[in-house]
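*Asks:* here's my sequence, what's the structure:
(chains A, B, C and D)
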Number of protein chains: 2
Amino acid sequence: MKHIAESTVRRLSLYLRILEEFEAQAHQTISSGELAAHGGTTSAQVRKDLSFFGSFGKRGLGYSVTALAARLREILGLNRQWRVIILGAGKIGAALARYEGFRNRGFTVVGVYDADPARTGRALDNLIVRDQKELEADVAKLGPEIALIAVPAEAAQPLVDRVVKAGVRAILNFAPAPVHVPRHVVHRSVDMALELEILSYALVSRR
Amino acid sequence: MKHIAESTVRRLSLYLRILEEFEAQAHQTISSGELAAHGGTTSAQVRKDLSFFGSFGKRGLGYSVTALAARLREILGLNRQWRVIILGAGKIGAALARYEGFRNRGFTVVGVYDADPARTGRALDNLIVRDQKELEADVAKLGPEIALIAVPAEAAQPLVDRVVKAGVRAILNFAPAPVHVPRHVVHRSVDMALELEILSYALVSRR
DNA sequence: AAGTGTGAATGCGTTCACAGCA
DNA sequence: TGCTGTGAACGCATTCACACTT
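*Replies:* Numbering: from 1, shown residues only, chains lettered A, B, ... in the order given. Now for the predicted structure:
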């Protein structure tokens, strides 16, 4: 498969959300223009994004809402369940463990880990925080595909190395530090302080 | 001032973090190559990024760690305090309110708000969750520059409209919905479910 | 008439390559 | 000699424009 830009994949996710809203309202079809208006882009961009994967629309009419949504779920790999573990049960880790926004899009949290005995044993909804010592054994048993890293910056890289060695193939890093992974592993970082700094720059650079 | 790409600003923030590590280790100078190695980019990229704002280096030697750090803080607007309010005291909002990663980079949370009476009055460290009704009066009094939106998707846009009308000039949106703001307001979105979906795509598209 | 699909043109960030200084 | 600063070349995502389909 041809390489697809990350910005394109990001928009595809967004289109899917919009389609799901339209589905809920029992709309039959949607045009690239409507999709663009809701997604904050242009109709040409929408059509180009979709064209990488085939032609799903009817000229003069638009796209079938349910058919396009199904196709996008398939493209994005959302027509299956993904097992997720969370490393770090501090403020961020605990909030992520209980966030419904994951569950209902096919991401199931199957384990939460912390190294601090003060935190292990604590219940987060239906999950019990487990000792980080159990990590390797649990990964072997549960086979999670994705790990969320929610530990302090200096603890992130060693932990990433551990989960990668244990067999996890995707990392979503919330620690404010760049992490490095082998080529067969995919990873992304969400850095909240950095986002605020970008806003800060935007505020001071405007004049 | 010439327009600077977001990707550049993002890297500048990253360079600043690296410089602060070097500062802590009492390094005097740093080269574009070292900065690049730590930041996961190239030396040419580092020099180009910095060149938009002037020439700070010494040929043959590199950059003064403290001087460059100070200059970056100034460029990014981090040589001052920013006042932040958080809208929504659910799982994510509460975690953000207590996140130290903001405080020690000049972002002070001056208020947390929720519409649910079950949550108002609750203490989050040294902050008390206040009723959303107080929002306009508080913004007028405290003058926060930045608002974090941590409410359900459908509540995000109306709330954004309210804080913008009240005078907030920057929005960081954590709700999984695109928000629209007038041109004089800056905004960014952090969408955690979307990040997972991008990882999902990366996992299924690899082969 | 309305809206898709797509090659071509454009714009923009990244990389290259080297002149210029310390 | 070592490393910066920067115009030029490059590559890639976005936008344009229009032929094509229902």
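
*Asks:* and the lowest-mean-pLDDT helix or strand in chain A, what's buried?
*Replies:* Sorted by mean pLDDT, DSSP states H and E, the helices and strands of chain A end with helix A:100-103, the least confident at a mean of 91. Buried residues in helix A:100-103, counted by 16 or more other CB atoms under 10 Å in any protein chain shown: A:101-102. Using the backbone N, CA and C atoms, a C-beta is placed for each residue, glycine as well.

*Asks:* stretch A:44-64 too?
*Replies:* A:45-47, A:49-50, A:53, A:57, A:62-64.

*Asks:* and for the longest strand along chain A, what's in contact with it?
*Replies:* Selection of the longest strand in chain A by residue count, based on DSSP state E, yields strand A:107-114. For strand A:107-114, contacts defined as CB atoms under 8 Å, 6 or more residues apart in numbering or on different chains pick out A:81-90, A:93-94, A:96-97, A:102-103, A:120, A:124, A:127-132, A:134-135, A:138, A:142, A:144, A:146, B:193, B:196.

*Asks:* now, which of those lie within helices?
*Replies:* Those of these mapping onto helices are A:93-94, A:96-97, A:102-103, A:135, A:138, A:142, B:193, B:196, per DSSP state H.

*Asks:* correct me if wrong: A:W82 contacts A:A147.
*Replies:* No: counting by CB atoms under 8 Å, A:W82 stays clear of A:A147, with 11.2 Å between them.

*Asks:* secondary structure element for the residue positioned nearest the centre of chain A, which one?
*Replies:* Geometric centre of chain A, nearest residue: A:L172, 7.5 Å, by CA atoms, centre = their mean. Using DSSP states H and E, A:L172 sits in strand A:170-173.

*Asks:* and chain A, which of its residues are near DNA strand D?
*Replies:* A:5, A:7-8, A:41-42, A:44-45, A:47-48, A:58-61 (CB under 7 Å from any atom of the strand).

*Asks:* what is the strand holding A:L172 packed up against?
*Replies:* strand A:146-149, helix A:153-166, strand A:186-189, helix B:192-205 (3 or more CB pairs under 8 Å, 6 or more residues apart in numbering or on different chains; DSSP states H and E).

*Asks:* and among those, the most buried is which?
*Replies:* Between those, strand A:146-149 has the highest mean count of neighbours, a mean of 27, where neighbours are mean count of other CB atoms under 10 Å in any protein chain shown.

*Asks:* show the contacting residues for A:R169.
*Replies:* A:145-146, A:184-186, B:203.

*Asks:* what would the residues you listed look like in a markdown table with distance to B:A26 and pLDDT?
*Replies:* What follows is those, written out as a markdown table (distance: CB to CB, whole Å; pLDDT from 0 to 100):
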| residue | distance to B:A26 | pLDDT |
| --- | --- | --- |
| A:E145 | 43 | 98 |
| A:I146 | 39 | 98 |
| A:H184 | 38 | 94 |
| A:V185 | 35 | 96 |
| A:V186 | 37 | 96 |
| B:L203 | 43 | 97 |
